[in-house]
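1. need a 3D model of the following:
(2 chains)
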Protein chains: 2
Amino acid sequence: MAPRPKIEICLSPALLHLFDTKDKNVVIIDIFRATSTIVTALANGAKSVIPVAKIDECIRISQSIENTVSAGERDGQIAPGLQYGNSPLSYPPEFISGKTLVLTTTNGTKLLHMVEEYHSILIGAFVNLEAVVQHLKNSRKDIILGCAAWKDRVNLEDTLFAGAVAYHLQDHFDIFCDSTIAASNLYQMAKDDLLLFLKNSNHYRRLSGFGLMDDLKYCTTLNLHPIVPVFKKGALVVN
Amino acid sequence: MAPRPKIEICLSPALLHLFDTKDKNVVIIDIFRATSTIVTALANGAKSVIPVAKIDECIRISQSIENTVSAGERDGQIAPGLQYGNSPLSYPPEFISGKTLVLTTTNGTKLLHMVEEYHSILIGAFVNLEAVVQHLKNSRKDIILGCAAWKDRVNLEDTLFAGAVAYHLQDHFDIFCDSTIAASNLYQMAKDDLLLFLKNSNHYRRLSGFGLMDDLKYCTTLNLHPIVPVFKKGALVVN
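-> The predicted model follows:
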């Protein structure tokens, strides 16, 4: 019998150098809210999402392409010079369909640009969990689940999503990675009420402090969108 | 009411730069097996334990002090030039009492030397869990629980011990750190049979592969030694 492919979880971009990411499926995870928003915009008909690191780059790129929306927040507010924020609820089909979303986020974008050169990159969030799991299962390659974290500090919601993927794939993949065992067990504990489990977490407190309970609820809802965004030539598109 | 002190967990030395460790109680954790062995040797009467990074330094220091034992392993074998290995079971009172143990380990020693200059440093292991918890509770200072990990990769046993400390202190300290929420929940899940919970972990497989089941059992036994080792002038001594 051929050896089974492996699952590993990288809990923070500051640990990424410890992983051999070559020729693996790398899943970028930034639950609150970058990857939830990317999945939603593409599922609702956005042509593509262009992730950029900085606000001025976001403005420049959105002005150089037709039919774009520039978006991004800093400290919970729409960043000066941009049109929209990071909430997935801001991108319903009637607004985003056919448009290109140029999105600047801090943590998710950073991780994406750290791996962009040499990988098969997918975007994962609870809203497309099942689609990501099926894609990874069919592709039969080693997997790195990369958590965007918060300024390199490990966060609970990204860890839980990575654990959810591992939990659903454990019968088909080998798990020799302690972070994966930990995250998968945490997901098992949390899965009946993700939001309750997250209620003391940093991001929950931060976003609920901004009055964003609807975003928190939406981003922890499973399987709203049966699509898998992939990174191709600098943009995220539906696979 | 005065604000309660905080608990944070640093899951890997590669994340230590994200923490403000100044004026805090820093607990060094390397369950398999450095900190378990340090606690055991001191509880069994060792005068002090001198932790060193390299084998040649270990030999040099042990030759320059009277009544020493040099110890350390590389790849599961006693390192060439040293007298004993890393097993806590090698240091019963009749052997180690009154002696100075000069110990070289890779992960635990590295973390210790990263923080040695400016902290109150304690040594924690399951074998002295209750004593560490009481010490931290009485001291009422912010706490950083520092996991030695494995070549910077997060490991399950150090995470579980950090979680155990947080679990027992949660009513007296504030927990605003996602790693602490995660680890504390994992400990709650694992506490009825720590070894069973660890059976697929990297270190369990590695050490059981070396035939060291007795070490694994010993290092996951709670509260054998009611002492707290602290770091003073380059050596670990009973507080």
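2. which strands and helices sit next to the helix or strand where A:Asn138 lies?
-> For A:Asn138, the enclosing helix or strand under DSSP states H and E is helix A:129-139. The helices and strands touching helix A:129-139, judged by 3 or more CB pairs under 8 Å, 6 or more residues apart in numbering or on different chains; DSSP states H and E, are strand A:25-29, strand A:120-124, helix A:156-169. All C-beta atoms are positioned from the backbone trio N, CA, C, and that covers glycine.
3. out of these, the one nearest A:Ala71 is which?
-> strand A:120-124 (15.6 Å; CB to CB).
4. the closest one to helix A:129-139, inter-axis angle?
-> 160 degrees (axes from the mean of the first three to the mean of the last three CA atoms, to 10 degrees).
5. quick one: contacts of strand A:120-124?
-> By CB atoms under 8 Å, 6 or more residues apart in numbering or on different chains, the residues outside strand A:120-124 that reach it are A:24-29, A:35, A:38-39, A:112, A:115, A:132, A:135-136, A:139, A:141, A:145, A:161, A:165, A:228-231, A:236, A:239.
6. one more time with 7 Å, if that's ok
-> With contacts defined as CB atoms under 7 Å, 6 or more residues apart in numbering or on different chains, strand A:120-124 is touched by A:25-29, A:35, A:38-39, A:112, A:115, A:132, A:135, A:161, A:165, A:228-231, A:236.
7. coming back round to it: what's the angle from the helix holding A:Asn138 to strand A:25-29?
-> 170 degrees.
8. run the chain-centre distance for helix A:129-139.
-> Centroid separation for helix A:129-139 versus its chain: 14 Å, with CA atoms, centre = their mean, to the nearest Å.
9. could you list the buried residues of it?
-> Using 16 or more other CB atoms under 10 Å in any protein chain shown as the test for burial, helix A:129-139 gives A:129-133, A:135-136.
10. of the residues you listed, which is the nearest to chain B?
-> Of all the buried residues of helix A:129-139, chain B sits closest to A:Leu129, with 19.1 Å by CB to the nearest CB.
11. shouldn't that closest one be in contact with A:Leu224?
-> No - counting by CB atoms under 7 Å, A:Leu129 sits too far from A:Leu224 to count as a contact (9.5 Å).
12. up against chain B, what does chain A have?
-> Residues of chain A that fall close to chain B, judged by CB under 7 Å from any CB of the partner chain: A:11-12, A:14-15, A:18, A:152-156, A:159, A:175-176, A:178-179, A:181-182, A:185-186, A:189, A:200-202.
13. pull out the buried residues from the residues you listed.
-> Buried among the residues of chain A next to chain B by 16+ other CB under 10 Å: A:11-12, A:14-15, A:18, A:152-156, A:159, A:175, A:178-179, A:181-182, A:185-186, A:189, A:201-202.
14. what segments of chain A are helices?
-> A:34-43, A:55-64, A:93-96, A:107-115, A:129-139, A:156-169, A:178-190, A:194-197, A:202-209, A:213-219 (DSSP state H).
15. what packs against the longest one?
-> What it means is helix A:156-169. strand A:7-10, strand A:25-29, helix A:129-139, strand A:143-147, helix A:178-190, helix B:178-190 (3 or more CB pairs under 7 Å, 6 or more residues apart in numbering or on different chains; DSSP states H and E).
16. in TSV: the ones you listed, plus distance to B:Gly108.
-> Shown next, in TSV, are the helices and strands packed on helix A:156-169 (distance: least, CB to CB, whole Å):
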stretch	distance to B:Gly108
strand A:7-10	23
strand A:25-29	31
helix A:129-139	36
strand A:143-147	26
helix A:178-190	16
helix B:178-190	18
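17. format those as JSON lines; extra columns: mean pLDDT and distance to A:Gly211.
-> JSON lines is the format used below for those (pLDDT from 0 to 100; distance: least, CB to CB, whole Å):
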{"stretch": "strand A:7-10", "mean pLDDT": "98", "distance to A:Gly211": "31"}
{"stretch": "strand A:25-29", "mean pLDDT": "96", "distance to A:Gly211": "25"}
{"stretch": "helix A:129-139", "mean pLDDT": "98", "distance to A:Gly211": "26"}
{"stretch": "strand A:143-147", "mean pLDDT": "97", "distance to A:Gly211": "26"}
{"stretch": "helix A:178-190", "mean pLDDT": "98", "distance to A:Gly211": "24"}
{"stretch": "helix B:178-190", "mean pLDDT": "98", "distance to A:Gly211": "21"}
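18. closest to A:Gly81 out of these?
-> The nearest among the helices and strands packed on helix A:156-169, by CB to CB, is strand A:25-29 at 25.2 Å.
19. so, low pLDDT: which residues of chain A?
-> Along chain A, segments meeting pLDDT under 70 span A:1.
20. which strand in it has the most residues?
-> strand A:68-74 (DSSP state E).
21. pull the residues that contact that one.
-> With CB under 7 Å, 6+ apart, strand A:68-74 has contacts from A:55, A:58-59, A:62, A:79, A:82-86, A:96, A:99-105.
22. what phi and what psi does the backbone show at the nearest residue to A:Ser97 once chain neighbours are set aside?
-> Excluding the flanking residues, the one nearest A:Ser97 by CB to CB, 6 or more residues apart in numbering or on different chains is A:Gly45, at 3.2 Å. Torsion angles at A:Gly45 (phi, psi; degrees, to the nearest 10) stand at phi 100, psi 0.
23. I'd guessed A:Gly45 sits against A:Gly98; true?
-> Yes - applying CB under 7 Å as the test, A:Gly45 and A:Gly98 come out as touching, 6.2 Å apart.
24. quick one, which of these two is more surrounded?
-> Per other CB atoms under 10 Å in any protein chain shown, whichever of A:Gly45 and A:Gly98 has more neighbours is A:Gly45, with 16 against 9.
25. follow-up on the earlier one: so the helix holding A:Asn138 versus helix A:34-43, what angle?
-> Going by the same axes, to 10 degrees, helix A:129-139 makes 90 degrees with helix A:34-43.
26. so what's A:Glu130 closest to, chain neighbours aside?
-> Among residues not flanking A:Glu130 along the chain, A:Asn223 sits closest, at 4.6 Å (CB to CB, 6+ apart).
27. just A:Val230 next, same as before
-> A:Asn239 is the one closest to A:Val230 (CB to CB, 6+ apart), at 4.6 Å.
28. the one you found - how many residues pack around it?
-> 13.
29. ok now do it, which residues does it touch?
-> A:Asn239 neighbours (CB under 7 Å, 6+ apart): A:135, A:228, A:230.
30. need the contact list for the last one.
-> With contacts defined as CB under 7 Å, 6+ apart, the neighbours of A:Val230 are A:121-122, A:237, A:239.
31. likewise for the first one?
-> Contacts for A:His135 were tallied using CB under 7 Å, 6+ apart; they are A:122, A:228, A:239.
32. that'll do, ta.
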